[in-house]
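In: I'd like to go over a predicted model; first the sequence, then the structure.
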Amino acid sequence: MRRPMVAGNWKMHGTRASADALAQGVRQLAIPDSVEVAVLPPFLHVERVLEVLADSPIAVGAQNCAKEPWQGALTGEVSAAQLADAGCKLVLIGHSERRQLFGESDELLSRKFIAAQSHGLVPILCVGETLEQRQAGRTLEVVSEQLGSIIHELGIGAFFNAVIAYEPVWAIGTGLTATPAQAQAVHAAIRAQLAGESAEVAQGMRILYGGSVKATNAAELFGMADIDGGLIGGASLNADEFGAICRAAGC
Ligand code: PEP
């Protein structure tokens, strides 16, 4: 039995005051113990959010980390060691905005993935196709390549302590959501790919869906056999809406 997870990606939103207020709101949510919940604030707000959520079951993570695990002359980067030292538990790897806008390659992402794990952070590996790729019928091929390249670099063993998020690029921040059946088909393919390497990894892997998840569509998506929760962008900026999504994962 996989424990569902819901993670809120706050992206580059907020001020110190609004991040504080959002964290306070999240802290007060009534969320079933059966659901693992995390928030991923901008780097600058991580420490304050950690303070607000101290002694709560809600984990704090980051949206990115450097490929170098420790420290170094990498101006503007934040390392996994620094995130772990601050108290982060998870980190997004390969969000489509990082892949598309910052040109992050699968090879670079495998280094970030292992850097995160080397400091005890759980990587949430994001995969997903663009609209063009979906329309060309290439969805499963693209997702399988993204996942396959990390497996090839690091081995399936690296996936014992990781989470995967399937996020169709065309559904992120657009208000368009994959139908439950569309999402389930990709999630099942991801699990089948993992099963080809290790039945144990495949069975235990949480595969989150992300892309315009809201309180109104969450239950239907999370009700699918291979969807183990969600990675939530816009809707995670409203504590009440985020709480309703978290509760939908516990049904
Ligand atoms: C995301 O940023 O990972 C995301 C899924 O965004 P949204 O929920 O706003 O589509």
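Out: Right, received. Where do you want to start?

In: quick one, phi psi at whatever residue of the chain ends up closest to the ligand?
Out: Residue of the chain nearest the ligand, by CB to the nearest ligand atom: residue 233 (2.1 Å). All C-beta atoms are positioned from the backbone trio N, CA, C, and that covers glycine. Phi and psi for residue 233, reported as degrees, to the nearest 10, are phi -90, psi -100.

In: and it, how many neighbours?
Out: 22 (other CB atoms under 10 Å).

In: and it, how far from residue 82?
Out: Here the criterion is CB to CB, to the nearest Å. By it, residue 233 lies 24 Å from residue 82.

In: re the thing from before, ok, the residue of the chain closest to the ligand touching residue 9?
Out: Yes. If you go by CB atoms under 8 Å, residue 233 and residue 9 touch, sitting 5.0 Å apart.

In: between the two, which contacts overlap?
Out: residue 210 (CB atoms under 8 Å, 6 or more residues apart in numbering).

In: contacts only, for the residue positioned nearest the centre of the chain.
Out: In the chain, the residue lying closest to the centroid (CA atoms, centre = their mean) is residue 124, at 4.4 Å. Contacts here follow CB under 8 Å, 6+ apart; on that basis residue 124 touches 7, 61, 90-93, 162-165, 208, 231.

In: ok, residue 91 - contacts?
Out: 40, 61-65, 80, 83, 112, 116, 121-124.

In: if we use 10 Å, what do you get?
Out: By CB atoms under 10 Å, 6 or more residues apart in numbering, the contact set of residue 91 is 40, 61-65, 78, 80, 83-84, 112-113, 115-117, 119, 121-124.

In: specify the local secondary structure of the residue of the chain most remote from its centre.
Out: Here the centre of the chain is the reference, and by CA atoms, centre = their mean the most remote residue is residue 73, at 27.5 Å. Three-state assignment for residue 73 (DSSP: H, G, I helix; E, B strand; the rest coil): coil.

In: same thing with the one 3 residues further on?
Out: Taken by three-state DSSP, the conformation at residue 76 corresponds to coil.

In: now, the contacts of residue 91 that are in helices?
Out: Per DSSP state H, helices hold the following members of the contacts of residue 91: 80, 83-84, 112-113, 115-117.

In: who wins on neighbours among those?
Out: residue 116 (31 neighbours).

In: that residue and residue 78 touch, don't they?
Out: No. With contact defined as CB atoms under 10 Å, residue 116 does not count as touching residue 78 (11.5 Å).

In: and the stretch 101-250 of the chain, which residues reach the ligand?
Out: 167, 172-173, 210-213, 231-235 (CB under 6 Å from any ligand atom).

In: take those residues and keep only those in helices.
Out: If you go by DSSP H, those have nothing in helices.

In: need the worst-confidence member of these.
Out: Of all those, residue 173 has the smallest pLDDT value, namely 89.

In: ok, that one touching residue 233?
Out: Yes. Counting by CB under 10 Å, residue 173 does reach residue 233; the two are 5.9 Å apart.

In: between these two, what contacts are shared?
Out: Shared contacts of residue 173 and residue 233, counting by CB under 10 Å, 6+ apart, come down to 11, 97, 211-212.

In: neighbour count for those - can I get that in a markdown table?
Out: As requested, the shared contacts of residue 173 and residue 233 are arranged in a markdown table below (neighbours: other CB atoms under 10 Å):
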| residue | neighbour count |
| --- | --- |
| 11 | 17 |
| 97 | 21 |
| 211 | 26 |
| 212 | 20 |
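
In: coming back round to it: so which of the contacts of residue 124 wins on neighbours?
Out: Result: residue 93 is most packed of these (other CB under 10 Å), 30 neighbours.

In: isn't there a helix covering residue 165?
Out: No. Assessed with three-state DSSP, residue 165 is strand; it does not lie in a helix.

In: ok, it touching residue 146?
Out: No. Using CB under 10 Å, residue 165 is not in contact with residue 146; the gap is 11.2 Å.

In: perfect, that will be all.
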